[in-house]
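Visitor: Any chance you can model this:
(chains A and B)
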Amino acid sequence: MTYKQRIDGRKFDETRPIEAKVGVIQRADGSAMFKIGNTWAYAAVYGPRNLHPKFLQDPQKGVLRCNYNMMPFSSSGERVRPGGSRRSKEISLVTGKALLPVLNLEEYPNSVVDVFIELPQTEAGSRCAGICAASMALADAGLKMKDLVCAVSVGKVHDKLLIDLDYSEESYADGAVADIPIAIMPNSGKITLLQMDGEISKEELIKLLEMGKKICMDIYEVQRKALKEKYQEVEA
Amino acid sequence: MSEIKIKDKSIAVPGETLAVGMDTLPGAGTYRQDEKIIANRIGLAVVEGRTIKLIPLSGRYIPKTGDTIICKVIDVGFNGWRLDTNSAYSAMLPIKDATSDFIARGANLTQYYDLGDYLVCKIVNVTSQKLIDVSMKGPGLRKLKGGRIIEVDSNKVPRIIGKQGSMVMMIKDAAKCNIVVGQNGIIWIDGEPLNELLAIQTIKKIEKESHMSGLTDKIKEFLEKNGNAKN
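Guide: Residues are numbered from 1 along each chain as shown, chains lettered A, B, ... in the order given. The predicted model follows:
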């Protein structure tokens, strides 16, 4: 059996419904929410603020600390054990690395910018949703940054190339699956995150990256709109 | 001739192209990449003659030379005091800039300013590493006694002060309070409890509605309505 049609009826190059909002957490310096289908990410940014212990400080530039956390009740399967895990540690690291290229942290020496990403419910694509939310929250916090970051997962299920895999596609059992989360700086088109789980040919990968880039521009529009919405009353 | 891509006084997000061409100049909050001028942060884009700049709308306080700020004493050392500036960096107040009184060698500095005291001071220097020197020598710079402290967004402080201090004067008169506004977003209010409450409510209202036009009239109305009820 080949994978002819997506289970939820989407087109192969169509994402799940996206919703974004900025300024959802009052206490934070910047915050944002990003929902893609049943994957919800909330990001809160604090800082630049004082960094302790002191040996972690960098006199040349500020430090970015990311924290990715899935809530215990967030997944559809087993309860997620609260607290850090090998997986969350890795995702925190790659999220930080995906966001660093846009930030001008040299403006804030010896300080730290903390990013907390919380996921109340997830159904695949959570690191991409987290990165999208975090990039909006960083902008909302008024930090100096060159660009936003947009992320989406692309992949191959059986013999079909598709965008924004959901859980049923990620765990498709009747054929090979490749799951590739990517993050892009939309204005320069540079890639800041590229991971892969599975197997894929070079030609297909290039094709998927092109598809991903196109979708990222749509996500960028959503992010831009959400950011402008928070501040629109200041206009005019 | 360069082309301006954005409407004057509209919101720009990081990475957005504001103008294309070499005869427009990048102002604060923007940078040039080849022909383009690009937004470096979120803010209100303002075209001023040939330059485009962004007015910040959010973000933590970033210390600037010449600012008058309200700080809290967090440590007392041999040569002076360390102050919390409500930003990522603490400030140093050396003895020689602290008071015009004579301070004997080895004197107990806490009898001048103790831990937890709030001081109105002026930033005299900020280094590239964001080391901050402050001074207490100048008109209006002093230790704050009594009263209460509130925090507001430091980007809204200009609206709270108003043109030549008109807004804060109006609150002072109506609420019969003593008010000092620090540019770091810390505000000190001293008066009768109910009057203090009115001043706080008014300041919070300004913070919330800072972008609206005709704010002064609105606040005047608010003060007249609520001021009489409480006195």
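Visitor: Look up the pLDDT of residue B:43 for me, please.
Guide: We note a pLDDT of 93 for residue B:43 in this prediction.
Visitor: Tally up the residues packed near the residue in chain A that chain B sits nearest to, please.
Guide: Minimum separation of chain A from chain B (Cβ to the nearest Cβ) falls at residue A:142, amounting to 2.3 Å. No exception for glycine: its C-beta is placed from N, CA and C like everyone else's. Neighbour count for residue A:142, taken as other Cβ atoms under 10 Å in any protein chain shown: 22.
Visitor: Look up how far residue A:93 lies from residue A:84.
Guide: Distance from residue A:84 to residue A:93, counting by Cβ to Cβ, to the nearest Å: 12 Å.
Visitor: Which strands or helices does the helix or strand hosting residue B:37 pack on?
Guide: Per DSSP states H and E: residue B:37 is located in strand B:36-39. Here strand B:36-39 touches strand B:17-20, strand B:30-33, going by 3 or more Cβ pairs under 8 Å, 6 or more residues apart in numbering or on different chains; DSSP states H and E.
Visitor: rerun that using 10 Å as the cut-off
Guide: strand B:10-12, strand B:17-20, strand B:25-26, strand B:30-33, strand B:51-56 (3 or more Cβ pairs under 10 Å, 6 or more residues apart in numbering or on different chains; DSSP states H and E).
Visitor: Kindly format the C-alpha coordinates of stretch A:6-16 as CSV.
Guide: Taking C-alpha atoms only, stretch A:6-16 is exported to CSV below (Å, rounded to 0.1, in the frame of the first residue of the first chain):
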residue,chain,number,x,y,z
ARG,A,6,-2.9,12.2,4.2
ILE,A,7,-4.9,10.8,7.1
ASP,A,8,-6.3,14.2,8.1
GLY,A,9,-7.1,15.1,4.4
ARG,A,10,-4.5,17.8,4.0
LYS,A,11,-2.6,18.4,0.8
PHE,A,12,1.0,17.2,0.8
ASP,A,13,2.3,20.7,0.9
GLU,A,14,-0.2,22.0,3.5
THR,A,15,0.4,22.7,7.1
ARG,A,16,-2.0,22.1,10.0
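Visitor: May I see the buried residues of that stretch?
Guide: A:6, A:10, A:15-16 (16 or more other Cβ atoms under 10 Å in any protein chain shown).
Visitor: pLDDT of that stretch, averaged?
Guide: For stretch A:6-16, mean pLDDT is 91.
Visitor: Geometric centre of chain A: which residue is closest?
Guide: residue A:131 (2.3 Å; Cα atoms, centre = their mean).
Visitor: Tell me, what's the model's pLDDT at that one?
Guide: pLDDT, residue A:131: 98.
Visitor: hang on, isn't the residue of chain A closest to chain B packed against residue B:44?
Guide: No: here residue A:142 does not reach residue B:44: they are 11.9 Å apart, not a contact under Cβ atoms under 10 Å.
Visitor: Need the residues touching each of those two.
Guide: Taking Cβ atoms under 10 Å, 6 or more residues apart in numbering or on different chains as the contact rule, residue A:142 and residue B:44 both touch B:29, B:56-57.
Visitor: The host helix or strand of residue B:167: which residues count as buried?
Guide: Per DSSP H and E, residue B:167 falls inside helix B:166-175. Using 16+ other Cβ under 10 Å as the test for burial, helix B:166-175 gives B:167-168, B:170-172, B:174-175.
Visitor: can you tell me if it touches chain A.
Guide: No: Helix B:166-175 does not reach chain A (Cβ under 10 Å from any Cβ of the partner chain); its nearest approach is 17.7 Å.
Visitor: how about that helix as PDB, C-alpha atoms only?
Guide: Output of helix B:166-175 as PDB, limited to C-alpha atoms (Å, rounded to 0.1, in the frame of the first residue of the first chain):
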ATOM      1  CA  SER B 166       3.500  68.500  32.500                       C
ATOM      2  CA  MET B 167       1.900  65.100  33.100                       C
ATOM      3  CA  VAL B 168       3.700  64.300  36.400                       C
ATOM      4  CA  MET B 169       3.000  67.900  37.600                       C
ATOM      5  CA  MET B 170      -0.700  67.300  37.000                       C
ATOM      6  CA  ILE B 171      -0.700  64.100  39.000                       C
ATOM      7  CA  LYS B 172       1.300  65.700  41.800                       C
ATOM      8  CA  ASP B 173      -1.200  68.600  42.100                       C
ATOM      9  CA  ALA B 174      -4.300  66.400  41.900                       C
ATOM     10  CA  ALA B 175      -3.100  63.600  44.200                       C
END
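Visitor: by contact count, what packs against the following helix or strand past it?
Guide: For helix B:166-175, the following helix or strand on the C-terminal side (DSSP H and E) is strand B:178-181. Packing contacts for strand B:178-181, counted by 3+ Cβ pairs under 10 Å, 6+ apart, involve strand B:68-76, strand B:118-126, helix B:157-161, helix B:166-175, strand B:186-190, helix B:193-208.
Visitor: angle of the longest one against helix B:166-175?
Guide: Computed with axes from the mean of the first three to the mean of the last three Cα atoms, to 10 degrees, the direction of helix B:193-208 lies at 150 degrees from that of helix B:166-175.
Visitor: returning to what we had before: and of the buried residues of helix B:166-175, the nearest to residue B:195?
Guide: Among those, residue B:175 lies closest to residue B:195 (Cβ to Cβ), at 4.7 Å.
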